[in-house]
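>>> sequence-free structure coming up:
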Ligand code: NAD
């Protein structure tokens, strides 16, 4: 098991996602040190100072700006949020591919040069393809470079189901799988409400025509980011909280199951692709990829998502 020398977390990219994550992480009390980096060094310095001024209200945590590659030394986890974001509701995550691939590749090379023991969590989009590319740059064991995957999408899904059923999201277990993007899908066969399978819960509840409602809920999940970007230009709070939970699961070796982007090595009949599937997270990053028993239709949707991602990987020079 990884033995963390520190609980230092480095965040690359101090924009909407990076700073939102830094704020959530500082409040969580999990990290003992948070370092922010950005090509816009003034932005990193300003965000770090602003966050550090909350010091009397957090559990002890040291927050500062740093520069690459020195800041990566001794980091337990480096979280990559640097790069271009979707510019408007019309731009898909895959449109960001070429430019962000260069950025993520150079960041991972820097990390590798000074801290080959780090765990790298990628959030920059398109997150599945970039996590895959980042791993190809290193010879690290699978599990030490992971992406935020569909953790946020699964949270949105749980929230929408909770709103629909009038049940706390904490009593809804549900996952969005595949690409963090347009080809993602809901694994309806895995949904549990209050411990009951969704179909059983619906037949007991009987208040709605849920067969008709299901595709609408999935579409709402898929369109969430486009909606929020249309309103406020970026998404940040939801992803910040999702990443805080991922980092917590790793630093505290919680063995928590979350749908991060994981490189598949034959699971679900797929390989040479990285996408969101349920994984056990612990001190080594991804400890295990869980092979859920999906329906044939869900398996087909996962294979479709994989082929969309493999096509965009092939477009990369
Ligand atoms: P932003 O423009 O607010 O911030 C990005 C920051 O990265 C900028 O401050 C920029 O200066 C910095 N940057 C660019 N190149 C860099 C480099 N080489 N080294 C260091 N810093 C660099 O964008 P944002 O809204 O914070 O989004 C960041 C990324 O996160 C985007 O790709 C976005 O699509 C993605 N995102 C992912 C999720 C998810 O669930 N995975 C959710 C929301 C956004």
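Good, I have the coordinates. Nothing here was measured: the structure is a model prediction, and the numbers come from that model.

>>> For the ligand, what's its nearest residue on this structure.
As assessed by C-beta to the nearest ligand atom, the ligand sits closest to residue 15 within the chain, at 1.8 Å. Bear in mind the C-beta positions are built from the backbone N, C-alpha and C, glycine included.

>>> Pretty sure that residue sits against residue 46.
No - using C-beta atoms under 8 Å, residue 15 is not in contact with residue 46; the gap is 11.8 Å.

>>> which one of those two has more residues nearby?
residue 15 (19 against 16; other C-beta atoms under 10 Å).

>>> Please tell me how far that one sits from residue 43.
Going from residue 15 to residue 43 by C-beta to C-beta, to the nearest Å gives 7 Å.

>>> Strands of the stretch 1-150 of the chain, start to end?
Ranges of strands within the stretch 1-150 of the chain are 8-12, 33-37, 62-65, 77-80, 119-122, 145-147, based on DSSP state E, counting those that start in this stretch.

>>> Would you reformat these as a markdown table and include mean neighbour count and mean pLDDT?
Formatted as a markdown table, those follow (neighbours: other C-beta atoms under 10 Å; pLDDT from 0 to 100):
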| stretch | mean neighbour count | mean pLDDT |
| --- | --- | --- |
| strand 8-12 | 28 | 98 |
| strand 33-37 | 25 | 98 |
| strand 62-65 | 18 | 97 |
| strand 77-80 | 27 | 98 |
| strand 119-122 | 28 | 98 |
| strand 145-147 | 30 | 98 |
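
>>> now those as TSV including distance to the ligand?
As requested, the strands of the stretch 1-150 of the chain are exported to TSV (distance: least, C-beta to the nearest ligand atom, whole Å):
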stretch	distance to the ligand
strand 8-12	5
strand 33-37	6
strand 62-65	11
strand 77-80	9
strand 119-122	8
strand 145-147	7
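
>>> Number of residues surrounding residue 116?
Residue 116 has 11 neighbouring residues, counting by other C-beta under 10 Å.

>>> How about the residues of the stretch 151-300 of the chain by the ligand?
Contact residues (C-beta under 6 Å from any ligand atom) of the stretch 151-300 of the chain with the ligand: 152, 180, 234-235, 239.
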